[in-house]
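Engineer: Requesting a structural model of the entry that follows:
(one chain, ligands or ions: 2)
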Amino acid sequence: MDIGNTWKDCLDFIERKIGRSTYDLWFKPIKLLELKDNAAILSVPNRFFREWIEDNYPRLISDAFEWVMKDNINVQFKVDHEPAAPASDSVKKDALTQARKAKLANLAGKGIFLNPKYIFETFVVGPSNQFVHAAALAVSESLGKTYNPLFIYGDVGLGKTHIITAIGNKVADMLPNANVIYVSSEQFTNEVVSAIRHEKMSDLKEKYRTVDILLLDDVQFIANKTQTQVEFFHTFNALYEKQKQIVISSDRPPKELSDITDRLKSRFTMGLIADIQPPSVELKMAILQKKAEAHKINMPEDMVYFLATKIKSNIRELEGCLIKLAAHSNLTGRPINVSLAKEVLKDIFTDETKPVTTDNIQKVVCDYFGVKLPELKSKKRTKEIAMPRQTAMYITKKLTDMSLGDIGKAFGGKDHATVIYACKQIEAKMEKDEAFNKTVEYLINKIKP
Ligand code: ADP
Ligand code: MG
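Structural biologist: Residues are numbered from 1 along each chain as shown. Ligands and ions are numbered 1, 2, ... in the order given. Next up is the predicted model:
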């Protein structure tokens, strides 16, 4: 087997999944050193790479190997140049890591998977998240008694997963025998589907109805999933009756969760509803300082302000920019300053104002499906052309404010009924074809600023 080619295929897979710019910065520099006995050793330029990849795409590389080799591969990183940290620091950090690892192993043994970095101590509090923070602390200190359920909502990247995981970590710390479960709604859905298929429903009930605290992340994803909702409804009732704690996160308030049954929505409002607002500049600065410290990055004060004002609200993006800058500066030896930031982060800065155009949508869709632009705009109705055309129309409808008539015009003079039909076709296909759903998601991510 040629490991060079294998790795190239993996990299292609990764690029397709995450897009060019992230790929170029984080994955392109990685080399495959060794591949044997189902283990791959990869060399990364420095520790930022490893940390960043582990935090942001923990499964991506192994997924790539699985796709290319049709086999499970255990991925390990080797850091090229590990800068020598001051001895006392590294000893301290090592001890901490060891302790964490032991704790994690212990939790994992019990089937609990909580990100150890998401704890109250690393959550920076400001006016926009103070209420959620206080509620979360109160809940972790008196399970099932104060606010049940605790329903937390807020936009993407504002700290929902962090804060609900912090509750779980704190409970697991204080009550080592407590049964804590954190589960994303997608995972919960998968478990329900799999339990039905394998006739293991009683195992699933046993697992979820015997917890002391259930943390359900991103509940909006169970919209439209009828059986999952039924199962969650009964789980909810069983836990609630036993005064077991339930914590739910969502990207919107309960009443805006369309396609979730009313009886479930009304359950969500029985306890406390707390929202996380977008952070102020001051909070963004405090978070940046804390993250810089945690990653041992030397960030000049003016840069902290610069980033905090440039990045609108998403805290995940804030952190991503910080790490990107540090990695770049580390690789090139250039200091972290405004000019480096403008260069390295130009996608993020300029794209904020760049509108989505039909030209771009058509180009991306044509590239992806291997269709020529004149064909996309033609009247041809063969499946190979019609499907990409409908996909592009659907995406245009979704990402722009254009009227149906204008969309039709931009696709070679079709009428508005054709656009409506296209959107319906695509929605139906997405509904029943998970892979296609992912494709559309991928295309949208590629097009969206
Ligand atoms: P969400 O689940 O709302 O999309 P996350 O909880 O995943 O957001 O948060 C995104 C990133 O921002 C995480 O790395 C998280 O640690 C960080 N983050 C969010 N809020 C805070 C905060 N108040 N203090 C420190 N880090 C935060
Ligand atoms: Mg989240």
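Engineer: From ligand 1, how far off is the nearest residue to R209 once chain neighbours are set aside?
Structural biologist: Leaving aside its sequence neighbours, R209 sits nearest to A238 (Cβ to Cβ, 6 or more residues apart in numbering; 4.4 Å). Just so you know, the C-beta spots here come from the backbone N, C-alpha and C atoms, and that holds for glycine as well. Distance, A238 to ligand 1, by Cβ to the nearest ligand atom, to the nearest Å: 26 Å.
Engineer: all strands of the chain, in order?
Structural biologist: For the chain, strands defined by DSSP state E occupy the ranges 31-36, 39-44, 74-79, 150-154, 180-184, 213-217, 245-250, 272-276.
Engineer: These into a markdown table, with extra columns for distance to ligand 1?
Structural biologist: Written out in a markdown table, the entries for these read as follows (distance: least, Cβ to the nearest ligand atom, whole Å):
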| stretch | distance to ligand 1 |
| --- | --- |
| strand 31-36 | 27 |
| strand 39-44 | 20 |
| strand 74-79 | 20 |
| strand 150-154 | 6 |
| strand 180-184 | 10 |
| strand 213-217 | 7 |
| strand 245-250 | 7 |
| strand 272-276 | 7 |
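Engineer: what residues are up against S378?
Structural biologist: Residues near S378 by Cβ atoms under 8 Å, 6 or more residues apart in numbering: 385, 412.
Engineer: For it, give me the pLDDT.
Structural biologist: S378 carries a pLDDT value of 95.
Engineer: How much space separates it from I287?
Structural biologist: Distance, S378 to I287, using Cβ to Cβ, to the nearest Å: 51 Å.
Engineer: can you list contacts of stretch 382-394?
Structural biologist: With Cβ under 8 Å, 6+ apart, stretch 382-394 has contacts from 361-362, 365-366, 368-369, 371, 375-376, 378, 380, 407, 411, 418-419, 422-423, 425-427, 440, 443.
Engineer: Repeat the analysis, applying 6 Å as the threshold.
Structural biologist: With Cβ atoms under 6 Å, 6 or more residues apart in numbering as the test, stretch 382-394 has contacts from 361-362, 365, 369, 371, 375-376, 407, 419, 422-423, 425-426.
Engineer: burial measure for the residue in the stretch 1-150 of the chain that ligand 1 sits nearest to, as a count.
Structural biologist: At 3.7 Å from ligand 1, V124 is the closest residue in the stretch 1-150 of the chain, using Cβ to the nearest ligand atom. Counted with other Cβ atoms under 10 Å, the burial measure for V124 works out to 19 neighbours.
Engineer: Equivalent analysis for R263, please.
Structural biologist: Neighbours of R263 using other Cβ under 10 Å come to 12.
Engineer: Ligand 1 versus that one, what's the distance?
Structural biologist: 26 Å.
Engineer: Nearest spatial neighbour of that residue, chain-adjacent residues omitted?
Structural biologist: F233 (6.4 Å).
Engineer: same check, this time on S184
Structural biologist: D217 (4.7 Å).
Engineer: now do M303
Structural biologist: M303 sits nearest to I336 (Cβ to Cβ, 6+ apart), 5.8 Å away.
Engineer: Check whether that neighbour really touches K324, as I assumed.
Structural biologist: No: at 10.6 Å, I336 does not count as touching K324 under the criterion of Cβ atoms under 6 Å.
Engineer: Sketch out the low-pLDDT regions of this structure for me.
Structural biologist: Scanning the chain for pLDDT under 70 picks out 81-112, 350-354, 449.
Engineer: care to break it down by domain?
Structural biologist: 3-82, 120-276, 283-351, 358-447 (automatic domain parsing).
Engineer: And those domains: which comes nearest L114?
Structural biologist: Among the domains of the chain, the nearest to L114 by Cβ to Cβ is domain 120-276 (4.8 Å).
Engineer: From one end of that closest one to the other, what's the distance?
Structural biologist: 15 Å (Cα to Cα, to the nearest Å).
Engineer: again with stretch 367-376
Structural biologist: Start and end residues of stretch 367-376 are separated by 11 Å (Cα to Cα).
Engineer: what does the stretch 201-350 of the chain put close to ligand 1?
Structural biologist: Residues of the stretch 201-350 of the chain that fall close to ligand 1, judged by Cβ under 6 Å from any ligand atom: 287, 315-316, 319.
Engineer: any idea which of those residues has the most stuff around it?
Structural biologist: Busiest of these [other Cβ under 10 Å] is I315, holding 24 neighbours.
Engineer: Without its sequence neighbours, what residue ends up closest to it?
Structural biologist: G157 (5.3 Å).
Engineer: What is the burial count for the one you found?
Structural biologist: 17.
Engineer: Quick one: the helices in the stretch 101-250 of the chain, in order.
Structural biologist: 130-141, 160-174, 185-197, 201-209, 226-241 (DSSP state H, counting those that start in this stretch).
Engineer: quick one on the thing from earlier: narrow the residues of the stretch 201-350 of the chain next to ligand 1 to those in helices?
Structural biologist: 287, 315-316, 319 (DSSP state H).
Engineer: Out of these, which two sit at the greatest distance?
Structural biologist: Spatial extent of those (Cβ to Cβ) is set by the pair I287 and R316 at 10.7 Å.
Engineer: okay, which residue of the chain is out on the far edge from center?
Structural biologist: What lies farthest from the middle of the chain is K379; by Cα atoms, centre = their mean that is 38.9 Å.
Engineer: Quick check: the gap between that one and ligand 1.
Structural biologist: For K379, the distance to ligand 1 - Cβ to the nearest ligand atom - is 43 Å.
Engineer: nearest spatial neighbour of that residue, skipping sequence neighbours?
Structural biologist: G412 (7.2 Å).
Engineer: ok, now Y23?
Structural biologist: E15 (4.2 Å).
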